[in-house]
Structure formats: structure tokens, C-alpha cells
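Asker: 3D model of this:
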Amino acid sequence: MNEKRCPNCKELVSSNSLTCPKCFAQIPRDAVSDINAEQKKKDEKKNKNMKIVMVLATIPALFGLLGLGRIYLDPKDSKGYWFLVAGLVLFLPLIALLFSIFDSGLLTALLFLVALVILSLVYISAAIAIFFDTVFGSVFKIFGYRSPI
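Answerer: Numbers count the residues shown, from 1 in each chain. All right, here's what the predicted structure looks like:
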């Protein structure tokens with residue numbers, strides 16, 4: 001078993017100890033053992049082909065399928081599936097409004113058109129936010145926001 005010295009009291013400590021048994025100071029770990037699950041997840045994301053991720057985050061969004069890029073990155077993460085459901089919930093009424101405009105009177109068509117524009121803006125902004133979330137990991141990272149936790 002390898003031993004190293006405590007940075008505080010210089011006592012010999014085994015290499016797998018987290019604290020010194022004499023002064024209870026934290027012992028620095030090796031770089032190999034310091035890699036945590038978050039870093040491994042980031043490495044896996046970098047290994048994925050980002051061109052495929054960008055295509056899956058944009059092209060299917062034209063047909064109401066948001067979140068496919070996120071699902072491609074991590075199929076076990078439920079966030080991509082929630083994006084997919086949210087995209088369909090926004091897209092299907094959008095299509096229904098579009099077809100009902102042609103089947104109604106002038107005043108109703110005008111009201112449907114206003115609702116269509118508002119719903120379209122909501123859908124487009126959701127698609128852009130989900131694209132940024134997929135490519136950059138979070139919408140807030142673009143603006144430099146860091147979580148206090």
C-alpha cells in the first residue's frame with residue numbers, strides 16, 4: 001500500500017485515506033481517483049457526434065418533435081422525453097388552429113390567427129431553448145449564470 005505525507009502535520013498516511021488520522025486534515029486525492037460521475041458524463045457527451053445532436057435538435061422540431069437531440073445524448077435522462085411531450089402538446093394545437101382557420105368565418109379566422117401567432121411564438125421559443133439546452137447543457141450557461149449550489 002502506498003503512503004503519502006499529510007500536508008498539515010507531515011504524518012505518513014495511507015494513499016486511500018481521505019483525512020489524516022492524527023490532525024484530521026483532508027488529504028488531497030490523486031487525479032485519477034478524483035474523477036466523479038459528472039466528469040464522466042461530460043466526457044461521454046463530448047464523445048457523441050455533435051453534428052448529429054444538432055441535426056436531431058433542429059430538423060425534427062419542424063414536425064413537433066422536440067428533445068430528440070437530448071434523448072440521443074442520454075437516453076436514460078427523462079428531460080429529453082419531457083421535451084418531446086411538451087413539443088407535441090404545443091405542436092398539435094398549432095396544427096389544429098392552422099387547419100381550422102380555413103374552415104371558419106372571418107371573425108373566427110381572425111381570432112384563430114391571433115391564437116396561432118401566439119402559440120407559434122411559444123413553440124419557436126421552446127424549440128430554441130431546448131436546442132440550447134441540448135447543445136450547451138443549459139440555457140443559463142449561455143448567459144454565464146452559475147448555480148449557487
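
Asker: pLDDT on the lengthiest helix in the chain, on average?
Answerer: Assignment by DSSP state H gives helix 106-136 as the longest helix of the chain. The average pLDDT within helix 106-136 is 88.

Asker: following the lowest-mean-pLDDT helix or strand in the chain, which helix or strand comes up?
Answerer: Within the chain, confidence by mean pLDDT, DSSP states H and E is lowest for helix 37-47 among all helices and strands, at a mean of 61. The helix or strand immediately downstream of helix 37-47 is helix 50-58, counting by DSSP states H and E.

Asker: got the CA coordinates for the following helix or strand past that next one in CSV?
Answerer: Note on helix 50-58: by DSSP H and E, the next helix or strand toward the C-terminus is helix 68-73. What follows is helix 68-73, C-alpha atoms only, in CSV (Å, rounded to 0.1, in the frame of the first residue of the first chain):
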residue,chain,number,x,y,z
LEU,A,68,-34.6,14.1,-29.8
GLY,A,69,-31.1,15.5,-29.6
ARG,A,70,-31.3,15.3,-25.8
ILE,A,71,-32.6,11.8,-26.0
TYR,A,72,-29.6,10.9,-28.3
LEU,A,73,-27.2,12.3,-25.8
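
Asker: contacts for helix 68-73?
Answerer: 45, 48, 52-58, 60, 77, 79-81, 83-84, 130-131, 133-135 (Cβ atoms under 8 Å, 6 or more residues apart in numbering). The way it works is simple: take the backbone N, C-alpha and C, and place the C-beta from them, glycine included.

Asker: Mark out where each domain of the chain begins and ends.
Answerer: Here the domain parsing of the chain from automatic domain parsing is 1-34, 37-142.

Asker: Go through those domains and pick out the most buried.
Answerer: domain 37-142 (a mean of 15; mean count of other Cβ atoms under 10 Å).

Asker: for that domain, the distance to its chain's centre please.
Answerer: In terms of Cα atoms, centre = their mean, to the nearest Å, the centre of domain 37-142 is set 12 Å apart from its chain centre.
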